[in-house]
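> pasted the sequence and its predicted model underneath.
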Amino acid sequence: MIFKLGTRRYSPQRIFCIGKNYAEHIKELGGNAPGQPVVFMKPVTSLVPPGEIIQMPSHGNNLHHEVEVVVLIGKAGRDISESAAALHIAGLTLGLDLTLRDVQSDLKKKGHPWEMSKAFDHSAPCGYPVAFDGSIPLNNLSFECRVNGEVRQTGNTGEMMFSVSTLIHYLSGIWRLQQGDLIFTGTPAGVGPLKSGDRVTLHSDPLGTFEWSLA
Ligand code: ZN
């Protein structure tokens with residue numbers, strides 16, 4: 001998937017994802033708040049552009065929607081300070097961190113990695129980014145997820161346990177962030193199952209509306 005912002009083109013090589021970043025979502029899954037960001041990755045082959053059909057995975061039974069604000073990195077950097085983090089953001093959009101909840105529960109119990117539950121083909125439907133120019137309130141951005149027209153999740157980035165700037169600081173202390181990297185910043189409460197034929201709509205006033213159907 002290629003992202004265009006003005007005359008610039010970005011082709012992501014990596015997708016970083018943050019788990020457990022909203023207190024109400026941690027509660028609904030019955031977990032504990034982490035002391036540090038929970039980080040996992042998806043391959044870029046899991047991206048699905050808006051309007052395309054999402055194929056249902058066949059190795060699990062409980063596919064959950066997780067709407068998330070997605071950050072597109074525009075400027076590379078290592079050990080980026082929180083105060084400089086915004087300078088590294090090219091754009092913002094919304095995405096779905098699709099999760100096979102039954103497979104994830106099983107993997108968690110065994111203490112195994114999460115990839116089979118979160119990094120399968122089509123697990124990362126992602127909108128087209130809007131340029132981040134400072135007019136978008138990074139820490140007060142409301143967004144929602146609708147399934148077949150019904151609101152299932154609403155969130156605001158102000159509710160994040162680790163803000164976007166903190167996440168960029170934290171990730172860049174481990175990986176040198178590259179132009180085109182995507183960061184899925186975690187999901188608010190309200191996650192729930194999807195079934196074949198469902199239509200999922202992600203919306204935020206400053207970021208737009210993106211929609212997918214499930215095969
Ligand atoms: Zn998530």
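Here it is on my side, so go on.
> when you work out contacts or count neighbours from here on, use the C-alpha atoms and nothing else.
Will do.
> now the residue nearest the centre of the chain: how far from Thr93?
Nearest to the mean C-alpha position of the chain, by CA atoms, centre = their mean, lies Phe184 at 2.8 Å. Plainly put, Phe184 is 10 Å away from Thr93 if you go by CA to CA, to the nearest Å.
> between these two, what contacts are shared?
Val69, Val70, Val71 (CA atoms under 8 Å, 6 or more residues apart in numbering).
> TSV for those residues, including secondary structure?
Shown next, in TSV, are those (DSSP: H, G, I helix; E, B strand; the rest coil):
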residue	secondary structure
Val69	strand
Val70	strand
Val71	strand
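> and those residues, which is closest to Arg9?
Distances from Arg9 to the shared contacts of Phe184 and Thr93, taken as CA to CA, are shortest for Val71 (15.0 Å).
> the helix or strand of the chain with the lowest mean pLDDT and the ion in contact?
Comparing helices and strands within the chain by mean pLDDT, DSSP states H and E singles out helix 23-29 as the least confident, with a mean of 92. No: if you take CA under 5 Å from the ion as the test, helix 23-29 misses the ion, and the best it gets is 9.7 Å.
> buried residues in that helix?
Ala23, Glu24, His25, Ile26 (16 or more other CA atoms under 10 Å).
> check contacts around the closest residue to Phe3 other than its chain neighbours.
Sequence neighbours aside, Tyr10 is the residue nearest to Phe3 in space, at 5.0 Å (criterion: CA to CA, 6 or more residues apart in numbering). By CA under 8 Å, 6+ apart, the contact set of Tyr10 is Ile2, Phe3, Lys4, Gln179, Gly180.
> of those residues, just say which sits nearest to Thr201.
Taking the contacts of Tyr10 together and measuring to Thr201 by CA to CA, the closest member is Phe3, at 19.5 Å.
> the closest one contacts Gly127, doesn't it?
No: at 9.3 Å, Phe3 does not count as touching Gly127 under the criterion of CA atoms under 8 Å.
> interface residues of the protein facing the ion?
Asp97, Gly186.
> could you list the low-confidence segments of the chain?
By pLDDT under 70, the chain has no low-scoring segment.
> pretty sure Thr45 sits in a helix.
Yes: with three-state DSSP as the criterion, Thr45 is part of a helix.
> now it: how far from the ion?
Going from Thr45 to the ion by CA to the ion, to the nearest Å gives 17 Å.
> ok, Pro43 next?
Distance, Pro43 to the ion, by CA to the ion: 15 Å.
> repeat for Gly35
Gly35 is 17 Å from the ion, by CA to the ion.
> now the helices for the protein?
Taking DSSP state H, the helices of the chain run over residues 23-29, 101-110, 115-118, 164-172.
> got the CA positions of the shortest one in PDB?
What follows is helix 115-118, C-alpha atoms only, in PDB (Å, rounded to 0.1, in the frame of the first residue of the first chain):
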ATOM      1  CA  GLU A 115       1.400 -13.100  15.500                       C
ATOM      2  CA  MET A 116      -1.100 -15.800  14.600                       C
ATOM      3  CA  SER A 117      -3.900 -13.800  16.300                       C
ATOM      4  CA  LYS A 118      -2.900 -10.300  15.000                       C
END
